[in-house]
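1. Everything below, folded, please.
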Amino acid sequence: MQKILFVESENCTGCRICETVCSLYQEKVVNPTRARIQIIKWDHKGIYVPMICLQCETAPCVTVCPMNAIYEDKNTGAKVIDYDLCVGCKLCVTFCPFGGAGIDIEGKVIKCDLCKGDPQCSKNCEPKALQFIEATAINLKKRRLAAENLSELMKKI
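-> Numbers count the residues shown, from 1 in each chain. A predicted model of the protein is given here:
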């Protein structure tokens with residue numbers, strides 16, 4: 001069963017440990033600007049939202065890459081950048097509707113590759129805002145959340 005990275009932003013505390021471990025694992029430096037995940041703070045709502053590549057089934061980044069430098073890892077399902085082929089055109093960044101691909105401080109295009117099937121961000125996320133779980137489990141979580149929201153709405157009526 002394929003696993004995917006599930007984000008429960010309401011659990012995010014904004015600690016940014018995920019950014020730190022990501023940059024350390026991927027780039028061997030502690031520098032959140034080089035992480036494949038970014039925590040965005042919505043000041044007006046007082047919440048933090050982890051932004052990461054959603055590993056789309058039909059990924060725009062794969063489609064628009066003129067060099068075919070982004071491919072799907074058959075073991076993990078992650079869309080991975082082959083830096084030997086990437087020319088840095090940044091079309092993947094431009095066309096990603098979710099902000100999953102980015103550019104680090106050195107101008108290099110970066111995106112999550114699920115740490116070769118063992119995402120360090122989710123392993124180190126204490127409040128469980130990031131979870132690496134089976135896709136079917138996500139459906140169950142979303143249904144449960146929708147039922148809870150509907151229940152709360154019905155109480156107000």
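2. Please make it C-alpha for all contacts and neighbour counts, starting now.
-> Will do.
3. by contact count, what packs against the helix or strand bottoming out on mean pLDDT in the chain?
-> Least confident helix or strand of the chain, by mean pLDDT, DSSP states H and E, is helix 135-156 with a mean of 76. If you count contacts as 3 or more C-alpha pairs under 8 Å, 6 or more residues apart in numbering; DSSP states H and E, helix 135-156 packs onto strand 3-7.
4. list the buried ones in whichever helix or strand comes after the strand it packs on?
-> For strand 3-7, the following helix or strand on the C-terminal side (DSSP states H and E) is helix 17-27. Buried residues in helix 17-27, counted by 16 or more other C-alpha atoms under 10 Å: 17-26.
5. cool, and stretch 50-66?
-> Within stretch 50-66, the residues that qualify as buried are 50-55, 59-62, 64-65, counting by 16+ other C-alpha under 10 Å.
6. Quick one: end-to-end distance for it.
-> Length of stretch 50-66, first residue to last, C-alpha to C-alpha, to the nearest Å: 29 Å.
7. Likewise for stretch 76-83?
-> The first and final residues of stretch 76-83 sit 18 Å from each other (C-alpha to C-alpha).
8. got a list of what the spatially most central residue of the chain touches?
-> By C-alpha atoms, centre = their mean, the mean C-alpha position of the chain lies nearest to I52, the distance being 2.1 Å. I52 is in contact with 36-38, 98-101, 111-112, counting by C-alpha atoms under 8 Å, 6 or more residues apart in numbering.
9. Redo the residues you listed as CSV? Include distance to G88.
-> Below are those laid out as CSV (distance: C-alpha to C-alpha, whole Å):
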residue, distance to G88
R36, 16
I37, 19
Q38, 20
F98, 19
G99, 16
G100, 16
A101, 12
K111, 13
C112, 16
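10. Quick one, which of the residues you listed are buried?
-> Buried residues within the contacts of I52, counting neighbours by 16+ other C-alpha under 10 Å: 36-38, 99-101, 111-112.
11. Check the gap between P50 and I39 for me.
-> P50 is 4 Å from I39, by C-alpha to C-alpha.
12. Look at the closest residue to R16 other than its chain neighbours and tell me its secondary structure.
-> Closest residue in space to R16, ignoring its immediate chain neighbours: I39 at 6.6 Å, by C-alpha to C-alpha, 6 or more residues apart in numbering. Recorded secondary structure, I39: strand (DSSP: H, G, I helix; E, B strand; the rest coil).
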